[in-house]
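Colleague: prediction below, plus the sequence it came from.
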Amino acid sequence: MSLRGSAQRRRPRNDVLFLVLTLLFSMNSLTISSPAKVNLFLKVLGRRRDGYHELLTRFHRISLQDQIILKKIKKPQFRLITTHLKLRSVRKNLIYKAYRLLKNSADWQGGVEVKLRKRIPIAAGLGGGSSNAAHFLLGMNRLFGLRLSRAALVKIGAQIGSDVPFFLYQTKEAIGTGRGERIKVIPCRHKLWFVLVVPQSGISTAQVYQQLKAAPLTRISADATITSAFSRGMRKKEKGHRLHNDLFPVSSRLLPQLRQIDALFDQVGAPERLMSGSGPTIFSIHPFKEEAEKVARRIQRLKLNAQVFVCHTY
Ligand code: C5P
């Protein structure tokens, strides 16, 4: 995440007045980038008693990002400004949910205006809403000097959505267990390139999990055992530990276009591909930018009813 105080963009000159004004306005607003994620692996271990599913997943942060501008306002209110038509309902926005929870847990009474510039497609399996909520929390913590620890932020984040804690760790890669909210940061040694193909119609995560015929969990294995076995598998590049998503069969039943898109990646010479989260985004993985751009051009020529993005590890 990059956090830029609005006043930091102005260059201090030999002008005392300018310096005073700069200091006065220095933390009145904050510009935050809010990146997306893909899941490089997603295994559903079983259905839990609370209705959620126990997961083992590998989160990877990517450069496709939204921008959030936070501004202090005098009235103790929440204002959300966005041009995205689907996000006009403020109360449904995860940023608003984050604001409500923050007010309760941080004993903070201020007001904030949030400008959200959306680039990450909505309901696409890219964690856009979760990232917005997480980066809002990180930004508020800094802008208002709330001094909340990471553990406190993660506790709030987990109540907003299962993907929110990953973004609060501000890491390129991590293993997620539990609902996906228990995070173990892992080193990310290589910058990878991705071609994302995002069909126009989104998919409801809740619906995908509802239709999944996962066996009830009889025993939840200790996180440590699961994650260390998984990390060992990743190091050895064991088959089955790479590019796997248990949700694909369900999501592609809900949106049959997904099977077509999945097959197209073979045609355009990108066999290493996977659906992210509950979909519908399908992405291919490339070691170099040029290769990713070539694949994206080939896909664009097919004139699918889908958006195509090239991005990288972030
Ligand atoms: O946590 P989040 O709000 O992103 O989840 C959306 C829905 O997806 C949940 O209401 C739940 O039905 C389902 N879900 C699940 N198991 C998970 C994550 C999500 O069943 N690990």
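Modeller: Done, it's in. No experiment lies behind these values; they were computed from the predicted model shown.

Colleague: walk me through the domains of the chain.
Modeller: Following automatic domain parsing, one gets these domains for the chain: 29-185, 193-312.

Colleague: which residues of the stretch 101-250 of the chain fall in strands?
Modeller: Here the stretch 101-250 of the chain has its strands, by DSSP state E, counting those that start in this stretch, at 111-117, 173-177, 182-185, 193-199, 244-245.

Colleague: and the closest residue to S130 other than its chain neighbours, backbone torsions?
Modeller: Counting by Cβ to Cβ, 6 or more residues apart in numbering, S130 lies nearest to D163, which is 3.8 Å off, once chain neighbours are set aside. The way it works is simple: take the backbone N, C-alpha and C, and place the C-beta from them, glycine included. Phi and psi for D163, reported as degrees, to the nearest 10, are phi -90, psi -10.

Colleague: list the contacts for D163?
Modeller: D163 makes contacts with K37, F59, G127, S130, S131, G176, G180, E181, G277, as judged by Cβ atoms under 8 Å, 6 or more residues apart in numbering.

Colleague: please list which of those also come close to the ligand.
Modeller: The residues of the contacts of D163 that also fall near the ligand, by Cβ under 6 Å from any ligand atom, are G180.

Colleague: specify which member of the contacts of D163 is nearest to the ligand.
Modeller: The shortest approach to the ligand among those belongs to G180, at 5.0 Å (Cβ to the nearest ligand atom).

Colleague: for the domains of the chain, which one ends up most surrounded?
Modeller: Highest mean neighbour count among the domains of the chain (mean count of other Cβ atoms under 10 Å): domain 29-185, with a mean of 19.

Colleague: skip the chain neighbours and tell me the closest residue to whichever residue of the stretch 201-314 of the chain sits closest to the ligand.
Modeller: In the stretch 201-314 of the chain, no residue comes nearer to the ligand than Y209, which is 3.5 Å away by Cβ to the nearest ligand atom. Nearest residue to Y209, sequence neighbours excluded (Cβ to Cβ, 6+ apart): H53, at 5.8 Å.

Colleague: what about that neighbour, distance to G129?
Modeller: 19 Å (Cβ to Cβ, to the nearest Å).

Colleague: for F283, same thing?
Modeller: 18 Å.

Colleague: show me what from the stretch 201-314 of the chain comes close to the ligand.
Modeller: The interface of the stretch 201-314 of the chain toward the ligand, taken as Cβ under 6 Å from any ligand atom, is made up of T205, A206, Y209.

Colleague: next, give phi and psi for the most centrally placed residue in the chain.
Modeller: Residue closest to the mean C-alpha point of the chain, counted by Cα atoms, centre = their mean, is G127 at 3.3 Å. Main-chain torsions, G127, degrees, to the nearest 10: phi 70, psi 20.

Colleague: can we start the residue count at 17 from this point?
Modeller: Got it, first residue is 17 now, which makes that one G143.

Colleague: looking at it, it is touching F183, isn't it?
Modeller: Yes - the criterion here is Cβ atoms under 8 Å, and G143 meets it with F183 at 7.1 Å.

Colleague: pull up the overlap in contacts between the two.
Modeller: With Cβ under 8 Å, 6+ apart, G143 and F183 have common neighbours K53.

Colleague: can you pull the contacts of the residue nearest to A139 when sequence neighbours are not counted?
Modeller: Closest residue in space to A139, ignoring its immediate chain neighbours: G218 at 2.9 Å, by Cβ to Cβ, 6+ apart. Contacts for G218 (Cβ under 8 Å, 6+ apart) come out as P137, I138, A139, A140, P296.

Colleague: before we move on, what about D82?
Modeller: Residues in contact with D82 (Cβ under 8 Å, 6+ apart) are S49, S50, L132, R133, K134, R135, I136, G144, S147, N148.

Colleague: element containing it, please.
Modeller: strand 69-89 (DSSP states H and E).

Colleague: may I have that strand as CSV, with CA atoms only?
Modeller: Output in CSV follows, covering the C-alpha atoms of strand 69-89 (Å, rounded to 0.1, in the frame of the first residue of the first chain):
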residue,chain,number,x,y,z
HIS,A,69,-16.3,-23.3,4.8
GLU,A,70,-12.8,-24.2,6.1
LEU,A,71,-10.3,-23.2,3.5
LEU,A,72,-6.7,-23.5,2.5
THR,A,73,-5.8,-20.7,0.1
ARG,A,74,-2.8,-18.9,-1.3
PHE,A,75,-3.4,-15.1,-1.6
HIS,A,76,-1.3,-13.1,-4.1
ARG,A,77,-1.6,-9.3,-4.3
ILE,A,78,-1.7,-7.8,-7.7
SER,A,79,-1.2,-4.3,-9.2
LEU,A,80,-4.8,-3.8,-10.4
GLN,A,81,-6.0,-1.2,-7.9
ASP,A,82,-8.6,1.3,-6.8
GLN,A,83,-7.8,4.6,-5.3
ILE,A,84,-9.3,5.9,-2.0
ILE,A,85,-9.0,9.5,-0.9
LEU,A,86,-9.9,10.1,2.8
LYS,A,87,-10.6,13.6,4.0
LYS,A,88,-11.3,14.8,7.5
ILE,A,89,-14.6,16.7,7.8
